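Peer 1: Got a predicted structure here, sequence first:
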Amino acid sequence: MSETATPPSVASPQSGTPVLALMAVIVVATGLLESMLFPALPIIQADLGLTTAEGALLLSSIAITASLAIPLVGSLADRYGGRRMLLVVGSAGVIGASLSSVTQSFPLLLVALAIQGIGTAVLPLGFVVMRENFPEQKRSFGVGLLVGLLAFGGGLGMVLAGPIAENLSWRWIFGLPAIVITVTTLIAYLIMPRTSPSPSGAATEGIAGKTRDTGAGRVDWAGAVLLATTLFCLTFALSKVPDWGWSSPLVLGLFAAVPTLGALWVRTELRVENPIVDVTFLRRPAVLSGTLAALVLGLGYSVSALSIPQIVVAPEQTGYGLGGTITDTGFYMLPGAVVAVLVGPVAGALCRRFGSRAVLATGLAIAAIGLVFAAYRHSEAWHLILLVVFLGTGGAMSGTALYNGTLESVEPKDTGAATGINMIARSVGAPLGVQIAAAVISHSAEGAPIPMPTDAGYTNTFLVGSVITALAIAFAWRVPGRRAGTSPRPSGDPAAAVGV
């Protein structure tokens, strides 16, 4: 049955506001579902009798599926519309979470979390929904709000996971968000305007004269399998470094396979008509610089994600530890999440006023300053709270600017596909940053009087994070920027593609 298309240009605030409100709830619930597994992992391991390596594999299961789902969902949303894909993504998240909440089997839990990972692709889907339901002058606000709300949901999940798992059951950390996502997804599907899929066989001129089929053709399953395999090799190798070491033949073999598989994936994407990720977007300086900035941003921010919880739970005898609990960790992270949800929409307005390039550079600078401060001051509660406020502010500004800059550089029909590239880069950078931080922290424990990382280890870790984050500023140069007060360029303007 055909559907009547609703062009984005005629979207009204009256129709868009309820959609934004529902998407906001879905994004927060998804952030909850994604983050609550981390603090509850020790309880799950004890209940199911899992080893540390098996627990890490649970996290990897979600990460790999999410990295694959993000570009695939973004591409399919561009092709079939945000309304249809919202139902698919929401259903996958609910099915996966529901299975996770009832299973007693480790293999089945792995499968359930893999299905649940599909539901984490809600952010690129949200960008497509913004394009379809909001006029152009209001989309920057919507993008900033969704970026901030995802961070808020993640921080709130860190706070709620401990009390829910300890007082109810760890199974409710999956069940409660699943209920919320089910209700809001159904309501959003019912009230969102119907849109028709791209006409089959419609071809458009791509980058450098390449003809790109934008119709509802076959899904690029070969590219999907190659991308999943590449990400699995990288993620699995990184997860095994602490146990096997960097010199392990299997670890080295997996790392060696990553560039080979990655090159084969790129070659495949260049040859198919409907690639899962259109890598030709990277020929645009704005998209390439945004992708590199996202990669480095993931590296820098993951340093604090690993360090802060360890400082909170470390014994006070170490001289830097706060002697807290897993639940306490969430409360320390919450202020950054609250700040992010407040700063995100403001950052969207700043992008329209000053350009995405300036906002991105400013956000990265704020985050780098916070990490430098933490390098020398991290032994008291207010030190960590101030750090997460800096990171929440800088993260919301830089994340909003990255996605807005990408949206300004591509055609509206490529919204999901182009932003998906940035998200893949950030998801790849995060585990790399965790391993860098782990190596620095672990090295400081060698020869220490007690078998614990030293204060100097965390000082060096935060300094490394600040340098990595500051490096991302260099990649902000080609992100679109414009003079204050000027209106956005049409998405098809060639000048917009080079960020002038």
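Peer 2: Sure thing, it's come through.

Peer 1: Start and end of stretch 405-420, how far apart?
Peer 2: Taking C-alpha to C-alpha, to the nearest Å as the measure, stretch 405-420 stretches 13 Å from start to finish.

Peer 1: can you confirm residue 322 is in a helix?
Peer 2: No - membership of residue 322 in a helix is not supported by DSSP: H, G, I helix; E, B strand; the rest coil, which gives coil.

Peer 1: Hmm, it is touching residue 316, no?
Peer 2: Yes - using C-beta atoms under 8 Å, residue 322 is in contact with residue 316, at 7.0 Å. (C-beta placed from N, C-alpha, C; glycine too.)

Peer 1: more crowded one of the two?
Peer 2: Counted by other C-beta atoms under 10 Å, residue 322 and residue 316 do not tie: residue 322 has more neighbours, with 21 against 11.

Peer 1: Grab the nearest non-local neighbour of the more buried one.
Peer 2: If the residues on either side of it in the chain are set aside, residue 322 comes closest to residue 312, at 5.2 Å by C-beta to C-beta, 6 or more residues apart in numbering.

Peer 1: residues touching that neighbour, list them.
Peer 2: The contact partners of residue 312, by C-beta atoms under 8 Å, 6 or more residues apart in numbering, come to 321-322, 324, 328-329, 332, 384.

Peer 1: For residue 377, grab phi and psi.
Peer 2: phi -140, psi 100 (degrees, to the nearest 10).

Peer 1: Likewise for the one 5 residues further on?
Peer 2: According to degrees, to the nearest 10, the main-chain angles of residue 382 amount to phi -70, psi -20.

Peer 1: low-scoring stretches of the stretch 301-450 of the chain, by residue?
Peer 2: 413, 415-417, 431, 435, 446-450 (pLDDT under 70).

Peer 1: just the strands in it please.
Peer 2: Taking DSSP state E, counting those that start in this stretch as the criterion, the stretch 301-450 of the chain carries no strands.

Peer 1: Likewise for the stretch 101-250 of the chain?
Peer 2: Going by DSSP E, counting those that start in this stretch, the stretch 101-250 of the chain shows strands at 203-205, 211-213.

Peer 1: and those strands, which one's lowest on average pLDDT?
Peer 2: With a mean of 39, strand 203-205 has the lowest mean pLDDT of the strands of the stretch 101-250 of the chain.

Peer 1: Name the nearest residue to the most centrally placed residue in the chain, ignoring sequence neighbours.
Peer 2: In the chain, the centroid-proximal residue (C-alpha atoms, centre = their mean) is residue 423; its distance is 5.5 Å. Excluding its sequence neighbours, the residue lying closest to residue 423 (C-beta to C-beta, 6+ apart) is residue 70, at 4.7 Å.

Peer 1: correct me, but the one you found touches residue 424?
Peer 2: Yes - judged on C-beta under 8 Å, residue 70 makes contact with residue 424 at a distance of 6.2 Å.

Peer 1: Look at these two and report which has more neighbours.
Peer 2: Taking neighbours as other C-beta under 10 Å, residue 70 and residue 424 compare with residue 70 leading, 28 against 23.

Peer 1: Which pLDDT value does the model give the more buried one?
Peer 2: The model's pLDDT for residue 70 equals 77.

Peer 1: go on, residue 43?
Peer 2: 80.

Peer 1: Spit out the contact partners of residue 370.
Peer 2: Contacts of residue 370 (C-beta under 8 Å, 6+ apart): 386-387, 389-391, 394.

Peer 1: Try it again at 6 Å.
Peer 2: By C-beta atoms under 6 Å, 6 or more residues apart in numbering, the contact set of residue 370 is 387, 390-391.

Peer 1: quick one: it from residue 59, how far?
Peer 2: 26 Å (C-beta to C-beta, to the nearest Å).

Peer 1: for residue 39, same thing?
Peer 2: 12 Å.

Peer 1: Pick out whichever of those two has more residues nearby.
Peer 2: More neighbours surround residue 39 than the other of residue 39 and residue 59, with 24 against 16 (other C-beta under 10 Å).

Peer 1: The more buried one is in contact with residue 161, isn't it?
Peer 2: Yes - assessed by C-beta atoms under 6 Å, residue 39 is found in contact with residue 161 at 4.3 Å.

Peer 1: does residue 269 really touch residue 279, like I thought?
Peer 2: Yes - the criterion here is C-beta under 6 Å, and residue 269 meets it with residue 279 at 4.9 Å.

Peer 1: Between these two, point out the one with more neighbours.
Peer 2: residue 269 (21 against 17).

Peer 1: The nearest residue to that one once chain neighbours are set aside in helix, strand or coil?
Peer 2: Closest residue to residue 269 apart from its sequence neighbours, by C-beta to C-beta, 6+ apart: residue 275 at 4.0 Å. Each residue gets one of three states, and residue 275 gets coil by three-state DSSP.

Peer 1: Begin at 200 from now on, thanks
Peer 2: Sure, I'll start counting at 200 from here, so that last one is residue 474.

Peer 1: which residues sit in contact with residue 474?
Peer 2: For residue 474, the contact set (C-beta under 6 Å, 6+ apart) comprises 419, 422, 468.

Peer 1: among these, which are in helices?
Peer 2: Mapping the contacts of residue 474 onto helices (DSSP state H) picks out 422, 468.

Peer 1: Can you tell me which of the contacts of residue 474 is nearest residue 249?
Peer 2: Set against residue 249, the nearest of these by C-beta to C-beta is residue 422 (32.9 Å).

Peer 1: I'd say that closest one and residue 467 touch.
Peer 2: Yes - Residue 422 is within contact range of residue 467, at 5.1 Å (criterion: C-beta under 6 Å).

Peer 1: Pick out whichever of these two has more residues nearby.
Peer 2: The residue with more neighbours, out of residue 422 and residue 467, is residue 422; 26 against 19, by other C-beta under 10 Å.

Peer 1: How about the more buried one, nearest residue that isn't a chain neighbour?
Peer 2: Computed as C-beta to C-beta, 6+ apart, the closest residue to residue 422 that is not its neighbour in sequence is residue 475, at 4.3 Å.

Peer 1: And residue 262, how far from residue 619?
Peer 2: 15 Å.

Peer 1: who has more neighbours, those two?
Peer 2: Higher neighbour count among residue 262 and residue 619: residue 619, with 31 against 22, using other C-beta under 10 Å.

Peer 1: what's near enough to touch the more buried one?
Peer 2: Residue 619 neighbours (C-beta under 6 Å, 6+ apart): 269-270, 273, 323.

Peer 1: if I read this right, residue 539 contacts residue 348, doesn't it?
Peer 2: No - using C-beta under 6 Å, residue 539 makes no contact with residue 348, being 8.3 Å away.

Peer 1: Name the residue in the two with the higher neighbour count.
Peer 2: With other C-beta under 10 Å as the criterion, residue 539 and residue 348 differ in neighbour count, and residue 539 comes out ahead with 31 against 28.

Peer 1: who's in contact with that one?
Peer 2: If you count contacts by C-beta under 6 Å, 6+ apart, then residue 539 has 347, 350-351, 591, 595 around it.

Peer 1: before we move on, what about residue 225?
Peer 2: By C-beta under 6 Å, 6+ apart, the neighbours of residue 225 are residue 383.

Peer 1: Let me know the helix or strand that it is in.
Peer 2: helix 212-234 (DSSP states H and E).

Peer 1: List the buried residues in that helix.
Peer 2: Using 16 or more other C-beta atoms under 10 Å as the test for burial, helix 212-234 gives 215, 218-219, 221-234.

Peer 1: What mean pLDDT does it get?
Peer 2: Here the average pLDDT along helix 212-234 is 77.
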